[in-house]
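Chemist: Compute the structure for the input listed below.
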Amino acid sequence: MIVAVAPVAEKHGSVFIPDSVRDKDKLTGVQGRVVSKSPACFDHGQFGDAVPELGDIVQFAKLAGVMTTGADGREYRIIQDKDVMAIVEEAA
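Modeler: Numbering: from 1, shown residues only. Okay, here's the model as predicted:
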């Protein structure tokens with residue numbers, strides 16, 4: 001499955017975060033939005049009937065998968081379905 005990783009903040013309050021720290025945080029991000037998945041994803045019953053669908057936010061294993069840049073310039077992570085730990089409910 002392909003997950004759009006949430007962007008890393010450039011500053012925390014009034015303190016700017018150095019690029020080296022932001023790059024590390026980008027690699028260790030653990031949440032993202034599902035943008036594509038194989039029909040064979042989640043066929044092993046890990047989530048029962050509530051499997052992640054396109055557009056859902058999921059939490060996945062730290063450092064899982066491979067980072068790549070899409071044609072649109074955004075950062076994506078290609079991960080295996082076994083690395084997804086939870087579907088995250090969006091705040092209303």
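Chemist: Spell out for me which residue occupies the centre of the protein.
Modeler: residue 32 (2.7 Å; CA atoms, centre = their mean).
Chemist: element containing it?
Modeler: Using DSSP states H and E, residue 32 maps to strand 31-36.
Chemist: Residues contacting that strand, please?
Modeler: Strand 31-36 is contacted by residues 1-6, 52-60, 76-77, 88 when judged by CB atoms under 8 Å, 6 or more residues apart in numbering. C-beta: built from backbone N, CA, C; applies to glycine.
Chemist: Please apply the same query to stretch 83-91.
Modeler: Contacts for stretch 83-91 (CB under 8 Å, 6+ apart): 1, 31, 42, 46-47, 50, 52, 56-61, 64-65.
Chemist: Only the buried residues of the strand holding residue 32, if you could.
Modeler: 32, 33, 34 (16 or more other CB atoms under 10 Å).
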